[in-house]
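Participant: this one's sequence-less:
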């Protein structure tokens, strides 16, 4: 699991209706603030990891995916799964997964290699590899 990422929507409550819109991701990306790792209670972070792993398995994802949640601030931050993206963006300095990998201590190359190595192990093309430097 990579560290959780939170999109700070405070500056866009009016214009984007408190949603992480495509306009925010593209046209306003330079003004957007990403908190990674997200400032979450450790127990909530653990719960999100458990939910993300369960969704990953149930959907049948392979190698990499991104699970997006919305926390209900009016109900003790109860998490709701918004979507699972089995083909998350990998554009450096733009895609959420790249920001998370950077916070984890990985370079872009380490992220890509980790995804490729995971697929190669799954397909029996290589034996299991040690985790890249910077990984916990």
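Facilitator: Yes, it's here. Keep in mind it's a predicted model, so treat the numbers as computed, not measured. Numbering: from 1, shown residues only.
Participant: quick one: low-confidence ranges for the chain?
Facilitator: 129-136 (pLDDT under 70).
Participant: can you tell me which helix in this structure is longest?
Facilitator: Determined from DSSP state H, the single longest helix within the chain is helix 42-59.
Participant: Run through who's touching that one.
Facilitator: Outside helix 42-59, the residues that touch it by CB atoms under 8 Å, 6 or more residues apart in numbering are 1, 4, 37-38, 40, 65, 67, 69, 71, 77, 79, 81, 84, 86. The way it works is simple: take the backbone N, C-alpha and C, and place the C-beta from them, glycine included.
Participant: mind redoing it with 10 Å?
Facilitator: Residues outside helix 42-59 that contact it (CB atoms under 10 Å, 6 or more residues apart in numbering): 1-4, 37-41, 61-62, 64-69, 71, 76-81, 83-84, 86.
Participant: Only the buried residues of that helix, if you could.
Facilitator: Within helix 42-59, the residues scored as buried using 16 or more other CB atoms under 10 Å are 44, 45, 47, 48, 52, 55, 56.
Participant: sorry, back to before: now the buried members of the contacts of helix 42-59.
Facilitator: By 16+ other CB under 10 Å, those give 2-4, 38, 40, 61, 64-69, 71, 79, 84 as buried.
Participant: Closest one to residue 117 out of those residues, please.
Facilitator: Using CB to CB, residue 64 is the member of the buried ones among the contacts of helix 42-59 that lies nearest residue 117, at 11.1 Å.
Participant: my read: that closest one touches residue 95, true?
Facilitator: No - between residue 64 and residue 95 there is no contact under CB atoms under 10 Å: 11.6 Å.
Participant: Could you measure from residue 92 over to residue 24?
Facilitator: Residue 92 sits 19 Å away from residue 24, going by CB to CB, to the nearest Å.
Participant: who has more neighbours, the two?
Facilitator: Per other CB atoms under 10 Å, whichever of residue 92 and residue 24 has more neighbours is residue 24, with 18 against 14.
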